[in-house]
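> Structural data only, the sequence is not supplied:
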């Protein structure tokens, strides 16, 4: 700490150089913060998946399943509760403004209490047939506020009366959740089902269930699929943990490897940059270091000074970079397409910790060669150089 | 003036070896930027390439009205028949229109890389299905027999998924379907399974087709064809050239991935820019006396400034090319996948051009201030500089 003024003076010697180094490091750590934050978001999604839930969907196509299957699954031993979902798509105003609604039955809120809407909001949807809850992202996208009405034209979903115009009331704005990347709009299954033509009623696109014990989830999923394997509606049941396993996202793209590699390339770039700048700065001040050594500074103290000179812009740049990454991450939903299939990076203190650790490694790495040279230098020769 | 510029530039490049390690900052910085940019872009470009390769401008697609995805599209049999006999569609040697109503379904599969759970598309061909894919050819085994419970798999399907090779069996609702052949088209189909429409349709209990593909006599016949379809009140379908549909289908991925790729590239490029700035400042500084001498000899500021820019640009472009080369070595032609699509990554010369363009921008921005400083330095100050 005592030598901080010395380090500071060294950095101020060429202020433009120090500032540019700091800015380079900041840029590299902005990218670091964003990609490592993205990887963290994927991990959070995996961690938040409930080990006792199973998602069951049609095995081969998107044509739905009869709702009676949900009742049958509900009677399996080890099933605590089941909930059915029907998906609905259409557009708002213009076909390019696509809108999706998930129509959920009364049980959904009980089985998925962690999926955004509050209990009160669930109750509103349960008791008001045309009520919908929009996530914040969706509300911003469609410029809706609680209390407004929301009209979707759905060519694929003609109503019993022949019209394909569906009007809902926005009963509330729900919180966004990391697991549901694209935001959500949820509505009342019973209303949806009863509005369809008779031939299309009593069907669902997905049935989710909660098991009494996470340990039986795999066996239960297999049992469901076995039961319906030879029926007209074969199923595909996946434990929620499997759905959200990082390796299962993005069709085999190893997100962790990709983000790590990008962060590494950024670090490599600034490692060379800082070492080059530091080497130059030390070379220019050989006589200064020789003076220090002749005052009795040990090699260790000199190395410490050089390392500190490298560390200051690196650590400051790491902190600034991660802060900028945090700000960018917060702004990200506004410049990404609403249906972009990646989560917003979670720039947390753990990202900051890793950034600081990496910055320290970069600083030490770039200090090695210059300090080695200093410890080996001949004081007399160095002192005789023009300073 | 030009002569001065050439002389100063030659002098610069000769001196470069004295500033070798510092100049490497620009080269390494730009290599990192262009390497990251092109490696990430290889995915976007690979997918786009797979979507758009082999698309005949005469091929059109019909989908259920207002649908955005093939698997959400539904065309009833009677409507499919009307579309397939519409005017403008080319005739095969057997006198039948070159048109094919088909299905797309998804079969659960396991990725070889991480045994992740990922669906593989199962597409069907009717009698004219293969004819509509000009590059379709069997590379191993044989074509499925019409009406039989047999499938064929694309070359990428076999390498991407476990149990999708020749002789493997795929479980469909009414039993195991052997894979009797491996085909190659060079486009997205290579990552999919193909079966006979007439046998897959009843197995999956589909009552309607997903899409209809057809080849027109010429792209100019689209207007006639389109009119015939849109004026027929019996039809609830949209028709468009297949190229347009593919652009729409890949649009979402391309739009968001470009934001990510160029965003990440831009952040890294800003870092490299400051590095370039730093290096060029140092270069100008270390050449202070040389510059002052030149000025004293009567050289004007402009050629000196231009030579500084040229140096920055040359270093940055060299870096960008190195980065592009590394990206090409690592990723060009490597098999990848996104969601249900399997494709090969692409690093093309045109993409290297993007890297070079970025390098030029970084060099111009990073070299500008130092070069102005070099040009503006008074002779006396520069001579005194150390």
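All right, it came through fine. Note that this is a predicted model, so its numbers are computed, not measured.

> make it CA atoms for all contacts and neighbour counts henceforth
Noted.

> what helix or strand does residue B:373 sit in?
Assessed by DSSP states H and E, residue B:373 sits inside helix B:349-376.

> pLDDT averaged over that helix, what's the number?
Average pLDDT, helix B:349-376: 90.

> In that helix, which residues are buried?
Judged by neighbour count (16 or more other CA atoms under 10 Å in any protein chain shown), helix B:349-376 contains these buried residues: B:351-375.

> Near chain A, which residues of the stretch 201-350 of chain B are found?
For the stretch 201-350 of chain B, the residues in contact with chain A (CA under 8 Å from any CA of the partner chain) are B:204-205, B:252-253, B:255-256, B:259, B:264, B:267-268, B:270-275, B:277-278, B:336-340.

> wait, what's in contact with residue A:10?
Contacts for residue A:10 (CA atoms under 8 Å, 6 or more residues apart in numbering or on different chains) come out as residue A:309.

> Spatially nearest residue to residue A:269 (excluding sequence neighbours)?
residue B:29 (5.5 Å; CA to CA, 6 or more residues apart in numbering or on different chains).

> Show me the strands in chain A, by range?
A:53-58, A:65-66, A:79-91, A:98-104, A:131-135, A:149-153, A:165-174, A:185-188, A:203-204, A:206-211, A:235-239 (DSSP state E).

> Out of those strands, which gets nearest to residue A:359?
Nearest to residue A:359, of all the strands of chain A, is strand A:131-135, at 37.8 Å by CA to CA.

> show me the contacts for the residue positioned nearest the centre of chain A.
The residue lying closest to the centre of chain A (CA atoms, centre = their mean) is residue A:41, at 3.0 Å. In this structure, residue A:41 makes contact with A:178, A:343-346, judged by CA under 8 Å, 6+ apart.

> If we use 7 Å, what do you get?
A:343, A:345-346 (CA atoms under 7 Å, 6 or more residues apart in numbering or on different chains).

> what separates it from residue A:307, distance-wise?
34 Å (CA to CA, to the nearest Å).

> same deal with residue A:374?
According to CA to CA, residue A:374 stands 12 Å off from residue A:307.

> And residue B:251, by the same measure?
Taken as CA to CA, the span from residue B:251 to residue A:307 is 49 Å.

> With residue A:217 instead?
Residue A:217 is 54 Å from residue A:307, by CA to CA.

> The two: who's more crowded?
residue A:217 (25 against 22; other CA atoms under 10 Å in any protein chain shown).

> Tell me the predicted confidence for the more buried one.
pLDDT recorded at residue A:217 is 94.

> got the contact list for it?
Per CA under 7 Å, 6+ apart, neighbours of residue A:217: A:52, A:211, A:239.

> Assess the claim that the last one and residue A:50 are in contact.
Yep, that's residue A:239 we're talking about. No: taking contacts as CA atoms under 7 Å, residue A:239 lies outside contact range of residue A:50: 8.7 Å.

> Neighbours of residue 145, how many?
No chain in the question, so chain A it is. Neighbour count for residue A:145, taken as other CA under 10 Å: 16.

> should've been chain B
So residue B:145, with other CA under 10 Å, has 13 neighbours.

> Quick check: the gap between it and residue B:199.
Distance from residue B:145 to residue B:199, by CA to CA: 10 Å.

> Can you lay out the strands of chain A as JSON lines showing mean pLDDT and distance to chain B?
Below are those laid out as JSON lines (pLDDT from 0 to 100; distance: least, CA to the nearest CA, whole Å):
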{"stretch": "strand A:53-58", "mean pLDDT": "93", "distance to chain B": "10"}
{"stretch": "strand A:65-66", "mean pLDDT": "92", "distance to chain B": "12"}
{"stretch": "strand A:79-91", "mean pLDDT": "92", "distance to chain B": "8"}
{"stretch": "strand A:98-104", "mean pLDDT": "90", "distance to chain B": "9"}
{"stretch": "strand A:131-135", "mean pLDDT": "93", "distance to chain B": "21"}
{"stretch": "strand A:149-153", "mean pLDDT": "93", "distance to chain B": "10"}
{"stretch": "strand A:165-174", "mean pLDDT": "93", "distance to chain B": "14"}
{"stretch": "strand A:185-188", "mean pLDDT": "94", "distance to chain B": "19"}
{"stretch": "strand A:203-204", "mean pLDDT": "92", "distance to chain B": "15"}
{"stretch": "strand A:206-211", "mean pLDDT": "95", "distance to chain B": "16"}
{"stretch": "strand A:235-239", "mean pLDDT": "92", "distance to chain B": "8"}
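
> Now mean neighbour count too, for the ones you listed, in JSON lines please.
Listed next are the strands of chain A as JSON lines, based on neighbours: other CA atoms under 10 Å in any protein chain shown:
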{"stretch": "strand A:53-58", "mean neighbour count": "23"}
{"stretch": "strand A:65-66", "mean neighbour count": "18"}
{"stretch": "strand A:79-91", "mean neighbour count": "21"}
{"stretch": "strand A:98-104", "mean neighbour count": "20"}
{"stretch": "strand A:131-135", "mean neighbour count": "27"}
{"stretch": "strand A:149-153", "mean neighbour count": "18"}
{"stretch": "strand A:165-174", "mean neighbour count": "20"}
{"stretch": "strand A:185-188", "mean neighbour count": "25"}
{"stretch": "strand A:203-204", "mean neighbour count": "22"}
{"stretch": "strand A:206-211", "mean neighbour count": "25"}
{"stretch": "strand A:235-239", "mean neighbour count": "24"}
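
> which one of those lies closest to residue B:242?
Nearest of the strands of chain A (CA to CA): strand A:98-104, 21.3 Å.

> Grab the longest helix from the chain for me.
I'll assume chain A. helix A:299-335 (DSSP state H).

> should've been chain B
helix B:242-286.

> what angle do the very next helix or strand once past it and helix B:242-286 make?
Next in sequence after helix B:242-286, counting helices and strands by DSSP H and E, comes helix B:288-296. Angle of helix B:288-296 versus helix B:242-286, following axes from the mean of the first three to the mean of the last three CA atoms, to 10 degrees, is 90 degrees.

> State the mean pLDDT of whichever helix or strand comes after helix B:288-296.
Next in sequence after helix B:288-296, counting helices and strands by DSSP H and E, comes helix B:301-331. For helix B:301-331, mean pLDDT rounds to 91.

> Quick check: residue B:185 vs residue B:42, distance?
From residue B:185 to residue B:42 the distance is 20 Å (CA to CA).

> same question, residue B:94
42 Å.

> and the two? which has more neighbours close in?
Shown here are residue B:94 and residue B:42; by other CA under 10 Å, residue B:42 has more neighbours (26 against 7).
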